[in-house]
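A.B. asks: With the sequence up front, the predicted model follows.
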Amino acid sequence: MSSAIQDDKNRFPLFNRVKHDHDINVYIEEQNKSMHAMGFTEHSFAHIGVVADRTAYILDTLGMDDHTIDLALTAAWMHDLGNVINRADHSQSGALMAFYLLDKMGIPAEDIAPVIRAIGNHDEGSGLPVSNIAAALILADKSDVRRSRVQDDDKLNYDIHDRVNYSVKTSKLKINQDRTAIKLKLEIDTRYGEIGEYFEIFMERMLLCRKAAGYLNLEFHLIINEQTLM
């Protein structure tokens, strides 16, 4: 699902309100400033754009209705708001922020609840795939590994997270034609990061992706440099 489809206001009216809301986008910008200051990878509009695309792609491919996808896109756009408060427990604080902002916009509880449920469960620290939206958000968020997420220009300062992200030349998330499996396919330049380092920092995320895929009745496969590792 492309960004052009996301911008279809008739199909996804809530998402388009949220995507163009001034206050929400200020919080997105400000939370990434915190991430940058703490040495984390990029969590701003590029990241949430990828997450929104992939979340919508998963649910659309699995035949979910437009309203469900609208709520999922909304959750994807707002999922990292809590970083503006603190990285610790950001999924829970972000869910509370999303509740306040959506309630202030007059969104009904029936639509707010699925959004904040997904946001509050997207992080590997305490999250679980408790709904189709949450499962898709987990897979979309944890699969966004790429070179352009590194925010430090000095390679001498890179920690293991920077090295792993910088090493990823391409990252593709694809559901197979039979809709039985979802594959995260990475091309890694081992001059900058080793495959073992990827597992060292992302194993918990990949196990959560497996749970999320299972919730959607899919198998999860991780393929790095044409080798199937999960």
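C.D. replies: Yes, it's here.
A.B. asks: helices and strands of this protein: which one bottoms out on pLDDT?
C.D. replies: Least confident helix or strand of the chain, by mean pLDDT, DSSP states H and E, is helix 3-6 with a mean of 58.
A.B. asks: What's the first helix or strand after that helix?
C.D. replies: Once the chain leaves helix 3-6, the next helix or strand it forms, by DSSP states H and E, is helix 13-19.
A.B. asks: Quick check: mean pLDDT of the next helix or strand after that next one?
C.D. replies: With elements assigned by DSSP H and E, the helix or strand that comes after helix 13-19 is helix 22-37. Helix 22-37 shows an average pLDDT of 95 in the prediction.
A.B. asks: so what's the residue nearest the centre of the chain scoring on pLDDT?
C.D. replies: Nearest to the mean C-alpha position of the chain, counting by Cα atoms, centre = their mean, stands D141 at 2.0 Å. Looking at D141, its pLDDT stands at 96.
A.B. asks: I'd assumed H79 was in contact with it.
C.D. replies: Yes - with contacts defined as Cβ atoms under 8 Å, D141 counts as touching H79 at a distance of 6.5 Å. The C-beta positions use only the backbone N, C-alpha and C, and glycine is treated the same way.
A.B. asks: who touches both of these two?
C.D. replies: 51, 122 (Cβ atoms under 8 Å, 6 or more residues apart in numbering).
A.B. asks: thinking again about what came up before, which one is the residue nearest to the centre of the chain nearest to, not counting chain neighbours?
C.D. replies: Computed as Cβ to Cβ, 6 or more residues apart in numbering, the closest residue to D141 that is not its neighbour in sequence is V51, at 5.1 Å.
A.B. asks: What ranges does the protein have for its helices?
C.D. replies: 3-6, 13-19, 22-37, 45-61, 66-78, 90-104, 109-119, 132-142, 160-167, 195-215 (DSSP state H).
A.B. asks: Can you lay out those helices as CSV showing distance to L186?
C.D. replies: CSV is the format used below for these (distance: least, Cβ to Cβ, whole Å):
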stretch, distance to L186
helix 3-6, 22
helix 13-19, 28
helix 22-37, 22
helix 45-61, 14
helix 66-78, 21
helix 90-104, 24
helix 109-119, 25
helix 132-142, 12
helix 160-167, 9
helix 195-215, 8
